[in-house]
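Student: Let me see the structure of the following:
(chains A, B, C and D)
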There are 4 protein chains.
Amino acid sequence: MAHQQHQETLKVLHECMEACNHCFDACLKEDDVKMMAGCIRLDRECADMCGYLEAAITRGSAYVSELASVCAKICDDCAEECAKHDHDHCQECAEACRKCAEACRKIA
Amino acid sequence: MAHQQHQETLKVLHECMEACNHCFDACLKEDDVKMMAGCIRLDRECADMCGYLEAAITRGSAYVSELASVCAKICDDCAEECAKHDHDHCQECAEACRKCAEACRKIA
Amino acid sequence: MAHQQHQETLKVLHECMEACNHCFDACLKEDDVKMMAGCIRLDRECADMCGYLEAAITRGSAYVSELASVCAKICDDCAEECAKHDHDHCQECAEACRKCAEACRKIA
Amino acid sequence: MAHQQHQETLKVLHECMEACNHCFDACLKEDDVKMMAGCIRLDRECADMCGYLEAAITRGSAYVSELASVCAKICDDCAEECAKHDHDHCQECAEACRKCAEACRKIA
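Tutor: Residues are numbered from 1 along each chain as shown, chains lettered A, B, ... in the order given. Take a look at the predicted model:
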């Protein structure tokens, strides 16, 4: 059961990392990049932290709880920022971040 | 089709990162850690590189090909080292590394 | 002044990352690797977190405080573990971790 | 002598990582962010790779040469892109990338 939750958490983290990095890439291709600056910044923060936490979980790190707590906060902020923009990549990213924040709080 | 291959590559990279980090963790718990030193070292190299390449692919990096080429080499070496040991985590890691090396060569 | 503290923190983080990775490498070459297993594990945790925090500071991350708090905890634990071993690389690592934990607490 | 070159390389890598991340941050605050999109993208690529190579060198990785070769290429591209822009942070980043590309080629 612990193992199942672990696998589910890793899946959600991975999807969030992927959605954030895709959003980062897509935002930089938009016409009004300036409007996306906050999004670009948070996408990087969030993708990096999700990737870091994935690695920490898989290596049996003793600091998963502390890292998940930081990750949840970044996911919340990234979800809030992305939700402001109508682009599909932003809306999808916001949704992935919300799910990930929730998963992180469970292990924080 | 490009998208499908992309998703398949990410899946294989993720499984390799996970197998390597799990093997790193498990090797450090074995009785004869000394015999596992090469494995521990390569597990870290390989897990880190797979994670790095995953992130690079998802952010649309222009350097995926070069990074995949380095990753393939590290996967080959890690597969070779892990294959020498009978522990389940080593055998599973060797198998994941072999699959990952192959996937990396396709995009290198 | 803020800039000076920033540079000093980056320097201390970098030295800690370097000391931890050097200790990781050196521990894996010791005769009694088993005795060093906890050290090897914490060296990786600590080096990775210090490197992550360095990057976060330099990119103007909004999460430096939270990350520094986690980093301080990992540095404390790594310092405590390394201090148990007489090897020069462990003693030097313990010292670098102590300094780094202190620097992290100032920005946490 | 090997040790001195090693320390010099780490210093140059660190300065490049710092300059790229600072440029990333500053570009996102510019009025015409759109014009800086290529710069923002390459700043992240380059900062991440320099940080990765720093860590690899300090842990005695067997893949420093291959990683340095990729890093040199990214530094070259980032230097070329940043050099196009008059902002101080871009010009300083271009200079740091040029020095870093050269240092990477020496160990590639």
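
Student: so which helix or strand takes in A:Glu15?
Tutor: Taking DSSP states H and E as the definition, A:Glu15 sits inside helix A:2-27.

Student: So which other helices or strands are in contact with the next helix or strand after that helix?
Tutor: Per DSSP H and E, the first helix or strand lying C-terminal to helix A:2-27 is helix A:37-58. Judged by 3 or more Cβ pairs under 8 Å, 6 or more residues apart in numbering or on different chains; DSSP states H and E, helix A:37-58 is in contact with helix A:2-27, helix A:64-83, helix A:88-107, helix B:2-27, helix B:37-58, helix C:37-58. For the C-beta atoms, the positions are set from N, CA and C on the backbone; glycine is no exception.

Student: and with 6 Å instead?
Tutor: Applying 3 or more Cβ pairs under 6 Å, 6 or more residues apart in numbering or on different chains; DSSP states H and E, we find helix A:37-58 packed against helix A:2-27, helix A:64-83, helix B:37-58.

Student: Distance of A:Gly60 relative to C:Cys46?
Tutor: Counting by Cβ to Cβ, to the nearest Å, the gap from A:Gly60 to C:Cys46 is 15 Å.

Student: which one of the two has more residues nearby?
Tutor: Neighbour count, other Cβ atoms under 10 Å in any protein chain shown: between A:Gly60 and C:Cys46, C:Cys46 has more, with 32 against 15.

Student: Need the pLDDT of that one.
Tutor: If you check C:Cys46, the pLDDT there is 98.

Student: Quick one: name the residues of chain A near chain C.
Tutor: Contact residues (Cβ under 6 Å from any Cβ of the partner chain) of chain A with chain C: A:61, A:63, A:66, A:70, A:74.

Student: Quick one, which of those residues are buried?
Tutor: Among the residues of chain A next to chain C, those classed as buried by 16 or more other Cβ atoms under 10 Å in any protein chain shown are A:61, A:63, A:66, A:70, A:74.

Student: how about the closest residue to A:Cys75 other than its chain neighbours, what does it touch?
Tutor: Of all residues not flanking A:Cys75 in the chain, A:Ala101 sits nearest, at 3.7 Å (Cβ to Cβ, 6 or more residues apart in numbering or on different chains). A:Ala101 makes contact with A:72, A:75-76 under the criterion Cβ atoms under 6 Å, 6 or more residues apart in numbering or on different chains.

Student: swap the cut-off to 7 Å and go again
Tutor: A:72, A:75-76, A:79 (Cβ atoms under 7 Å, 6 or more residues apart in numbering or on different chains).

Student: now swap in A:Ala96 and tell me
Tutor: By Cβ under 7 Å, 6+ apart, the contact set of A:Ala96 is A:15-16, A:19.

Student: Same question for A:His22.
Tutor: Counting by Cβ under 7 Å, 6+ apart, A:His22 has contacts A:89, B:58.

Student: Select from the contacts of A:Ala101 the one having the most neighbours.
Tutor: A:Cys75 (31 neighbours).

Student: Residue ranges in chain A under the pLDDT threshold?
Tutor: Where chain A drops to pLDDT under 70, the residues are A:1-4.

Student: please redo it, this time with the cut-off set to 50
Tutor: Scanning chain A for pLDDT under 50 picks out A:1.

Student: which bits of it sit near chain D?
Tutor: A:28, A:33-34, A:37, A:40-41, A:44 (Cβ under 7 Å from any Cβ of the partner chain).

Student: Can you go through these and name the buried ones?
Tutor: By 16+ other Cβ under 10 Å, those give A:28, A:33, A:37, A:40-41, A:44 as buried.

Student: Between all of the residues you listed, which two are separated the most?
Tutor: For these, the farthest-apart pair by Cβ to Cβ is A:Val33 and A:Arg44; their separation is 14.2 Å.

Student: Could you list the contact residues of chain A toward chain B?
Tutor: Close to chain B, as judged by Cβ under 7 Å from any Cβ, chain A has residues A:14, A:17-18, A:21-22, A:24-25, A:47, A:51, A:55, A:58-60.

Student: Would you mind giving the residues of chain A next to chain C as CSV with distance to C:His89 added?
Tutor: Formatted as CSV, the residues of chain A next to chain C follow (distance: Cβ to Cβ, whole Å):
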residue, distance to C:His89
A:Ser61, 22
A:Tyr63, 22
A:Glu66, 26
A:Val70, 30
A:Ile74, 34
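
Student: Out of those, flag the one nearest to D:Ala108.
Tutor: Of the residues of chain A next to chain C, the one sitting nearest to D:Ala108 (Cβ to Cβ) turns out to be A:Ser61, at 32.2 Å.

Student: tell me the SS of the closest one?
Tutor: The local conformation at A:Ser61, judged by DSSP: H, G, I helix; E, B strand; the rest coil, is coil.

Student: and it, what are its phi and psi?
Tutor: phi -60, psi 150 (degrees, to the nearest 10).

Student: From D:Gln91, how far out is it?
Tutor: Counting by Cβ to Cβ, the gap from A:Ser61 to D:Gln91 is 40 Å.

Student: Check A:Glu92 too.
Tutor: Distance, A:Glu92 to D:Gln91, by Cβ to Cβ: 37 Å.

Student: Compare those two (neighbour count), which wins?
Tutor: A direct count of neighbours by other Cβ under 10 Å for A:Glu92 and D:Gln91 places A:Glu92 higher, at 17 against 14.

Student: excluding its backbone neighbours, what's nearest that one?
Tutor: A:Ala19 (5.6 Å).

Student: try A:Cys100
Tutor: In this structure, A:Cys100 finds its nearest non-sequential neighbour in A:Cys16, 3.7 Å apart by Cβ to Cβ, 6+ apart.

Student: burial count for the one you found?
Tutor: Neighbour tally, A:Cys16, other Cβ under 10 Å: 32.

Student: Isn't it up against A:Cys50?
Tutor: Yes: A:Cys16 is in contact with A:Cys50 according to Cβ atoms under 7 Å; the separation is 4.8 Å.

Student: Could you name every residue contacting both of the two?
Tutor: Common contact partners of A:Cys16 and A:Cys50 (Cβ under 7 Å, 6+ apart): A:Cys100.

Student: For A:Tyr52, give me its contacts.
Tutor: Contacts of A:Tyr52 (Cβ under 7 Å, 6+ apart): A:67, C:52.
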